[in-house]
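Participant: I'll drop the sequence and a predicted model, then ask my questions.
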Protein chains: 6
Amino acid sequence: MTEFDTGLPSVKQVQGYIKDKQEVELKLITDDLIVGKIMWQDPQCICLIDHYDQSTLIWRQALVFLKPKA
Amino acid sequence: MTEFDTGLPSVKQVQGYIKDKQEVELKLITDDLIVGKIMWQDPQCICLIDHYDQSTLIWRQALVFLKPKA
Amino acid sequence: MTEFDTGLPSVKQVQGYIKDKQEVELKLITDDLIVGKIMWQDPQCICLIDHYDQSTLIWRQALVFLKPKA
Amino acid sequence: MTEFDTGLPSVKQVQGYIKDKQEVELKLITDDLIVGKIMWQDPQCICLIDHYDQSTLIWRQALVFLKPKA
Amino acid sequence: MTEFDTGLPSVKQVQGYIKDKQEVELKLITDDLIVGKIMWQDPQCICLIDHYDQSTLIWRQALVFLKPKA
Amino acid sequence: MTEFDTGLPSVKQVQGYIKDKQEVELKLITDDLIVGKIMWQDPQCICLIDHYDQSTLIWRQALVFLKPKA
């Protein structure tokens, strides 16, 4: 669905959030707002971990926006 | 729509849930939250089985997120 | 959008429902739940027939899940 | 997005409705139900004409289901 | 996502609306109904201009239907 | 999903908004309306910065329309 080129600014920005263990807010197509730290990304999914160390696999097709938690 | 490479972390994580018979929660694009065990995955669908041993074929395009049931 | 390989488990499962004239429930992206028997599938659509022998052409992009009617 | 092969059953069924000037109901992703006769189809759109002879261009990506009007 | 072949009837019909400065109604996936004149189309977007000469870039993936304003 | 050819009018128009630091309104598939300045675009995302200098990564698949803020 989406291109996944590790040289893309958007892929690198997500990579930066992973490295910095930055807490982020992810808005999904269902209008859910998920908060957590991104563990990894692949061409299909983003894996988030929440405060309780629970991991959630999020499909890229469901992504709307992502921002660092203020 | 989505890439389906059995070497991808996301595909492997789902494969792990299958192997461990891990109960999972699947959020769908319609906002439905389905609980069950994943039986198999293919490039088009994920097959879930519920408490009553009923199987549901879920199209990947409808997937939003997946997490192990707490 | 989705791969259509007649060897895929998901394609075969639908093919099995067709052969068995199994009554199924189909959840669509609009949240409609349609009940009927699948007549045929092709890479673009699934054709369902209801109790009144009326046929409905359903686009694959609108599919969320499918299960045998209990 | 979707395959458009004029030999597909689904493409032929739509072609049949065009030829027979069959009145149809089209359910769209926005939950709109549009009634009319299909004038033509191409890989991107379906063109419908209503009772007032007004034509509507409908994008295929928005199609959910189609059935002959009872 | 969608094919963009300038020889397609649907692309030509939009091109006709551009040439005729025809006022159109555009239904979007968010259920918004936008009224205006189409300035141009490209494989990714349609550009609409409203009564106040303000231009709006509309992504094709968000298009549901389009009809001439009655 | 969408073509990303830097010669496309729609890509150039976004590029123009970036260069002019034009404040824009972005309507998303979740019906959110986001206001800000576009920092950059790539084939996967558009990056917006708001009044508080916070950056938001928006996936292209979630874009509905974009217009300059009046």
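Facilitator: All right, it came through fine. Predicted model only: the values in this text are computed from it and were never measured. Residues are numbered from 1 along each chain as shown, chains lettered A, B, ... in the order given.
Participant: buried stuff in stretch A:4-19?
Facilitator: A:Phe4, A:Leu8, A:Pro9, A:Ser10, A:Val11, A:Gln13, A:Val14, A:Tyr17, A:Ile18 (16 or more other Cβ atoms under 10 Å in any protein chain shown). For every residue, glycine as well, the C-beta is placed using N, CA and C.
Participant: element containing the last one, please.
Facilitator: Think A:Ile18. For A:Ile18, the host element (DSSP states H and E) is helix A:9-19.
Participant: can you tell me what sits against that helix?
Facilitator: A:4-6, A:22, A:24, A:37-41, A:46, A:66, A:68, F:40, F:42, F:44-45, F:47, F:57 (Cβ atoms under 8 Å, 6 or more residues apart in numbering or on different chains).
Participant: I'd like the next helix or strand past that helix.
Facilitator: Next in sequence after helix A:9-19, counting helices and strands by DSSP H and E, comes strand A:23-28.
Participant: measure how far that following strand is from the centre of its chain, please.
Facilitator: How far strand A:23-28 lies from its chain's middle: 7 Å, per Cα atoms, centre = their mean, to the nearest Å.
Participant: just checking, what packs against it?
Facilitator: Packed against strand A:23-28, as judged by 3 or more Cβ pairs under 8 Å, 6 or more residues apart in numbering or on different chains; DSSP states H and E, are the following elements: strand A:33-41, strand A:45-49, strand A:63-68.
Participant: of those strands, which is nearest chain F?
Facilitator: Between chain F and the helices and strands packed on strand A:23-28, the tightest spacing by Cβ to the nearest Cβ is seen for strand A:63-68, at 4.2 Å.
Participant: could I have the CA atoms of that closest one written out in CSV?
Facilitator: Backbone C-alpha positions of strand A:63-68 (Å, rounded to 0.1, in the frame of the first residue of the first chain) are rendered in CSV as follows:
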residue,chain,number,x,y,z
LEU,A,63,-2.6,5.0,10.4
VAL,A,64,-3.9,8.5,10.3
PHE,A,65,-1.3,10.6,12.1
LEU,A,66,1.5,10.4,14.7
LYS,A,67,2.9,13.0,16.9
PRO,A,68,5.3,13.1,19.9
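Participant: ok, it: who's next to it in the sheet?
Facilitator: Sheet pairing of strand A:63-68 (DSSP bridges) gives strand A:23-28 (antiparallel), strand F:55-59 (antiparallel).
Participant: now do it: everything it contacts.
Facilitator: Identification of contacts with strand A:63-68 by Cβ under 8 Å, 6+ apart yields A:14, A:17, A:22-29, A:46, F:28-30, F:32, F:34, F:54-59, F:61-62.
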